[in-house]
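Novice: What shape does this take:
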Amino acid sequence: MSNGSISVTPEELRAAAGAADAISQDLQQPIATAKRDIEAAGTALKTWNIGSDMERVAHDWGMALDELSKRIGGGDPKSAASRLRRTADGHEYNEDVTAQSFQVR
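Specialist: All right, here's what the predicted structure looks like:
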């Protein structure tokens, strides 16, 4: 960043997308473990007064953890990784179109 401008290359954007994919992948096992543990707690407490609340928490947290992973990386078009790749593609496209407009024909 110089003079108040930001310069990011498509390669840097794609590297960031790759990092987001890796983070999302790394989260898969901990998320699966957390979901399994909280579902087990909900099942174990089912007969208690708080049983239905615990089951609801297990369901809601499971969905939230899945959504977190999906928003970070992977093939979902709304994920950060997908948006970074689209930004890189758009940047390259704009650079190509701009370069073509200055070519002498």
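Novice: hey, let's count contacts and neighbours off CA atoms from now on
Specialist: OK.
Novice: Wait, a helix at I31?
Specialist: Yes. Per DSSP: H, G, I helix; E, B strand; the rest coil, I31 lies within a helix segment.
Novice: Skipping adjacent residues, who's closest to it in space?
Specialist: L65 (6.3 Å; Cα to Cα, 6 or more residues apart in numbering).
Novice: That neighbour reaches T33, doesn't it?
Specialist: No. L65 lies out of contact with T33 (Cα atoms under 8 Å); the separation is 10.9 Å.
Novice: When the two are compared, which one has more neighbours?
Specialist: A count of neighbours by other Cα atoms under 10 Å puts L65 above the other of L65 and T33, at 18 against 12.
Novice: The more buried one and A19, how far apart?
Specialist: 19 Å (Cα to Cα, to the nearest Å).
Novice: ditto for M63
Specialist: In terms of Cα to Cα, M63 sits 23 Å off from A19.
Novice: With L68 instead?
Specialist: 15 Å.
Novice: And H59, by the same measure?
Specialist: 28 Å.
Novice: go on, W61?
Specialist: Distance from W61 to A19, by Cα to Cα: 24 Å.
Novice: now G62
Specialist: 23 Å.
Novice: Out of those two, name the residue with the larger neighbour count.
Specialist: Using other Cα under 10 Å as the criterion, G62 and A19 rank with G62 on top: 19 against 15.
Novice: what's the closest non-adjacent residue to that one?
Specialist: Per Cα to Cα, 6+ apart, closest to G62 is K35, 5.3 Å.
Novice: and the most centrally placed residue in the chain, what does it touch?
Specialist: Nearest to the mean C-alpha position of the chain, counting by Cα atoms, centre = their mean, stands I72 at 1.0 Å. When contacts are counted by Cα atoms under 8 Å, 6 or more residues apart in numbering, I72 touches 20-21, 23-24, 79-81.
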